[in-house]
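> would you be able to build a 3D model of this:
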Amino acid sequence: MQEYRIWECLVCGWVYDESKGAPEDGIPPGTRWEDVPKDWQCPECGVGKDDFEMVEVRRIALTTEAPATEDKPAPPAPVQVAASSQVDFNLEPIVIVGTGLAGYHLAKELRKLDQKTPLVMISADDGAHYSKPQLSTAFHKQRTPEQLVSNTAREMAESHDARILTFTHVTALDTASRVLTLRAGSHDQRMHYGKLVLALGSDPIEVPMAGSAAGSAYSINDLQDFQRFFTAVPGAMSVLVIGAGLIGCEYANDLIQSGYAVHVVEPQANVLGNLIPATAGSLVQNTLENAGVRFHLGTTVKALEYSVGGTRAELADGTQLQVDRVISAIGVRPRVELAERSGIHTARGIVTDRYLATSAEHVYALGDCAEVDGHNLCYIAPLLAGARALAQTLAGSPTPVHYGNMPVSIKTTLCPVTVSPPPRNAAGDWRFERSDARGIVAHFIASNGQLQGFALVGDACKHASALSELTTPIMQN
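Okay, here's the model as predicted:
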């Protein structure tokens, strides 16, 4: 029997139910996801179908009769500020440090459950709401930094009935007295919190290198980083991308389709080597090479030197590359410094239990900065699951997060990849169900015979939903 599927936007969490459709957008009930027009955009965050931000989350039985349109509720709308606010300022505030996807999604989920508790959000930048995954597809889609912004901080403050402090840094955290020290410009202030959420995100990893242009590489980790690169790139003809992991490959894919000559340098012997088996990486590499990308694998950038008309990159294997701009896409590292200075337990990330609670009472961590029950997953799906659970906890109903199987979609649109990486140091091996020029299906089979991961490349990505149901959950109990 066929089933209707339910899809969730990985950027904002909006749900598309095939049985209900989206009548307000002219999409009748019963419309399959693949039949939704290609130019359709998520009504909440503006992400389009081609941005690979929708994932299937569950299925429901197909009834014999088409659902009636008049009985179908519209998709949930963003919370709007009422004429008279319901916030009770006699209550201790919930403070969220960070206005990235983690912070804003938590605020949205919290306001569904609690309209009374004062909510304060602290942003180190302008607090604009945007889809971070769209940064690595913006050039080919010809989208400016301004066009990537879906809402300003003021609009987000109104939507979530919150106070948002922009261009403000937390310089100290006293967990005993529950007080934050904030700095905006040259001014300091102290703020008391009832409950605190650290949604600090992550920082790009920087590898020291020699040369007069050693500090010229652009790391693109947020909208401000993208703005700097976007402003610097006019007139450039060639770009060197350092790193052939997820972000490096996405930028190589985006820039080669935007008319730039692209070089990629990677110390490993394979593309996406930390995520997928070598055979699968070779298909991605070959496809990008056919489009014009030049890979330099098994070597590193030894030095960057300014030269006439651009930058000269000296590689460890002796190769010299003349390029106009350089992007560093080596990876990211959770921001833990504030927690460490405050005596909160950290490892790779800020250590939490499944309730997202840290070692300090009334302090929680969410998103890239959090290490939840031993898992530090810098992807969107775990973040969204954590935000939903933590909102329940903050609203008075303690709820643990559970990570099921959460495949990651890599936006190498010339050769798409969907991967569910096996647990780190898992005992097992990759087995190929299919491997040809159009696609690859690889299963990671553990020593006990369980399916603990998979890698899909090319047209095989359509099998992600079925394989996810068979793969061992990230949290197995």
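
> just give the nearest non-adjacent residue to Lys132, would you?
In space, and not counting its chain neighbours, Lys132 is closest to Leu101: 6.0 Å by Cβ to Cβ, 6 or more residues apart in numbering. The C-beta positions use only the backbone N, C-alpha and C, and glycine is treated the same way.

> any idea how many residues pack against the one you found?
Here the number of neighbours of Leu101 (other Cβ atoms under 10 Å) works out to 26.

> that one and Gly310, how far apart?
34 Å (Cβ to Cβ, to the nearest Å).

> quick revisit: ok, now which ones touch the residue nearest to Lys132?
11, 131-132, 367, 380, 383 (Cβ atoms under 8 Å, 6 or more residues apart in numbering).

> next: Val262.
238-241, 252, 255-256, 292-294.

> now do Ala213
304-306, 311-312, 326.

> from those, which is closest to Gly318?
Arg312 (13.0 Å; Cβ to Cβ).

> tell me how far that closest one lies from Val323.
8 Å.

> ok, those two, which is more surrounded?
Ranked by neighbour count (other Cβ under 10 Å), Arg312 and Val323 place Val323 first, with 23 against 18.

> surely the more buried one and Ala313 touch.
Yes - the criterion here is Cβ atoms under 8 Å, and Val323 meets it with Ala313 at 6.3 Å.

> identify the contacts common to these two.
240, 263.

> phi, psi of the nearest residue to Gly292 once chain neighbours are set aside?
Nearest residue to Gly292 in three dimensions, chain neighbours excluded: Ile256, at 5.2 Å (Cβ to Cβ, 6+ apart). Reported as degrees, to the nearest 10, the phi and psi values for Ile256 are phi -70, psi -30.

> list the residues that contact Ile256.
262, 288, 291-293, 414.

> and the residues you listed, which is closest to His105?
Here the nearest of the contacts of Ile256 to His105, counting by Cβ to Cβ, is Leu414; it sits at 29.9 Å.

> looking at the contacts of Val262, which are in strands?
238-241, 294 (DSSP state E).

> which one of those sits closest to Gly30?
Val241 (43.4 Å).

> my guess is the closest one contacts Ala261. True?
No - assessed by Cβ under 8 Å, Val241 is found out of contact with Ala261, at 11.3 Å.

> the more surrounded of these two?
More crowded of Val241 and Ala261, by other Cβ under 10 Å: Val241, with 27 against 16.

> could you pull out the helices for the stretch 351-477 of the chain?
380-394, 464-470 (DSSP state H, counting those that start in this stretch).

> send me the first one as PDB with only the CA atoms.
What follows is the C-alpha trace of helix 380-394 in PDB, where atoms were taken according to Å, rounded to 0.1, in the frame of the first residue of the first chain:
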ATOM      1  CA  ILE A 380      20.900  20.700  11.500                       C
ATOM      2  CA  ALA A 381      18.700  17.700  12.300                       C
ATOM      3  CA  PRO A 382      20.200  17.000  15.800                       C
ATOM      4  CA  LEU A 383      20.000  20.700  16.500                       C
ATOM      5  CA  LEU A 384      16.300  20.800  15.600                       C
ATOM      6  CA  ALA A 385      15.600  17.700  17.700                       C
ATOM      7  CA  GLY A 386      17.400  19.300  20.600                       C
ATOM      8  CA  ALA A 387      15.500  22.500  20.300                       C
ATOM      9  CA  ARG A 388      12.100  20.800  20.400                       C
ATOM     10  CA  ALA A 389      13.100  18.800  23.500                       C
ATOM     11  CA  LEU A 390      14.700  21.700  25.300                       C
ATOM     12  CA  ALA A 391      11.700  23.900  24.700                       C
ATOM     13  CA  GLN A 392       9.500  21.400  26.500                       C
ATOM     14  CA  THR A 393      12.000  21.300  29.400                       C
ATOM     15  CA  LEU A 394      12.200  25.000  29.700                       C
END
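
> show me what that helix is packed against.
Here helix 380-394 touches helix 101-113, strand 195-198, strand 363-365, strand 370-372, going by 3 or more Cβ pairs under 8 Å, 6 or more residues apart in numbering; DSSP states H and E.

> returning to that earlier point: most tightly surrounded among the helices of the stretch 351-477 of the chain?
helix 380-394 (a mean of 23; mean count of other Cβ atoms under 10 Å).

> how far does that helix sit from the chain's center?
14 Å (Cα atoms, centre = their mean, to the nearest Å).

> cool, stretch 201-216 as well?
22 Å.

> the helices of the stretch 351-477 of the chain: which one's closest to Val120?
Using Cβ to Cβ, the helices of the stretch 351-477 of the chain put helix 380-394 closest to Val120, at 13.1 Å.

> show me what that closest one is in contact with.
Here helix 380-394 makes contact (Cβ under 8 Å, 6+ apart) with 8, 10-11, 13, 53, 55, 94, 101-102, 105-106, 109-110, 112-114, 117, 133, 195, 197, 354-357, 364, 366-368, 370, 372, 375, 398-403, 406, 408, 474.

> which among those count as buried?
Among the contacts of helix 380-394, those classed as buried by 16 or more other Cβ atoms under 10 Å are 8, 10-11, 13, 53, 55, 94, 101-102, 105-106, 109-110, 114, 117, 133, 195, 197, 354-357, 364, 366-368, 370, 372, 375, 399-401, 403, 406, 408, 474.

> now the helices: where do they sit in the stretch 201-350 of the chain?
Going by DSSP H, counting those that start in this stretch, the stretch 201-350 of the chain shows helices at 223-232, 246-256, 278-291, 337-341.

> looking at those helices, which is nearest to Ala460?
Using Cβ to Cβ, the helices of the stretch 201-350 of the chain put helix 278-291 closest to Ala460, at 9.5 Å.

> which helices and strands sit right next to the closest one?
helix 246-256, strand 294-297, strand 428-435, strand 439-446, strand 451-458.

> could I get the ones you listed as JSON lines with mean pLDDT and distance to Ala269?
Below are those laid out as JSON lines (pLDDT from 0 to 100; distance: least, Cβ to Cβ, whole Å):
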{"stretch": "helix 246-256", "mean pLDDT": "97", "distance to Ala269": "15"}
{"stretch": "strand 294-297", "mean pLDDT": "98", "distance to Ala269": "6"}
{"stretch": "strand 428-435", "mean pLDDT": "95", "distance to Ala269": "16"}
{"stretch": "strand 439-446", "mean pLDDT": "96", "distance to Ala269": "17"}
{"stretch": "strand 451-458", "mean pLDDT": "96", "distance to Ala269": "17"}
